[in-house]
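J.: Below is the structure, and that's it, no one-letter string:
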């Protein structure tokens with residue numbers, strides 16, 4: 001069963017400007033995220049905008065906005081570059097039993113992220129149109 005869904009858009013040019021503000025970067029991005037962003041070189045602003053949008057999308061999916069410590073919600077990437085959430089601290093406890101799904105995209109100067117939260121073990125037992133449906 002779906003717990004929540006969130007969508008956020010972030011202007012890449014805005015993140016390009018904010019990337020130079022150390023206080024902003026340290027407040028909204030973990031050290032691991034900062035390293036990942038720096039490693040992107042010329043596309044660092046695009047990457048930063050995608051990660052920021054992912055955190056905002058998570059807050060919207062939770063239904064309460066950014067009512068969590070942003071350092072507790074990190075966006076990591078697997079070996080293929082696919083993004084996923086990594087939770088720590090109180091947010092990790094809060095997310096127990098919830099499976100987060102994340103998609104990030106960039107186009108036309110905008111980064112967008114969609115977060116879908118699913119309750120763990122909530123698969124459908126009867127197919128639509130089946131015996132009970």
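T.: Great, that's in hand. On a predicted model such as this, the values are computed, not experimentally measured, just so you know.
J.: For the rest of this, base every contact and every neighbour count on C-alpha atoms.
T.: Noted.
J.: Quick check, residue 113 in contact with residue 7.
T.: Yes - shown here, residue 113 and residue 7 form a contact pair, counting by C-alpha atoms under 8 Å, at 5.7 Å.
J.: Pull up the overlap in contacts between the two.
T.: 53, 57 (C-alpha atoms under 8 Å, 6 or more residues apart in numbering).
J.: So for the two, which sits in the more crowded spot?
T.: residue 113 (24 against 21; other C-alpha atoms under 10 Å).
J.: For the more buried one, give me its contacts.
T.: 7-9, 50, 53-54, 57, 102-105 are the contacts of residue 113 under C-alpha under 8 Å, 6+ apart.
J.: mind listing which of those are in helices?
T.: Among the contacts of residue 113, the ones falling in helices (DSSP state H) are 50, 53-54, 57.
J.: Just the buried positions in the host helix or strand of residue 26, please.
T.: Residue 26 is located in helix 22-28, with elements delineated by DSSP states H and E. Using 16 or more other C-alpha atoms under 10 Å as the test for burial, helix 22-28 gives 25, 28.
J.: likewise stretch 68-85?
T.: 70-75, 83-85.
J.: Just send those residues back as a markdown table, with distance to residue 35 too.
T.: Converted to a markdown table, the buried residues of stretch 68-85 look like this (distance: C-alpha to C-alpha, whole Å):
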| residue | distance to residue 35 |
| --- | --- |
| 70 | 16 |
| 71 | 14 |
| 72 | 16 |
| 73 | 16 |
| 74 | 12 |
| 75 | 12 |
| 83 | 15 |
| 84 | 16 |
| 85 | 16 |
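J.: of those residues, closest to residue 98?
T.: residue 85 (11.6 Å; C-alpha to C-alpha).
J.: Was I right to think the closest one contacts residue 76?
T.: Yes - taking contacts as C-alpha under 8 Å, residue 85 lies within contact range of residue 76: 6.1 Å.
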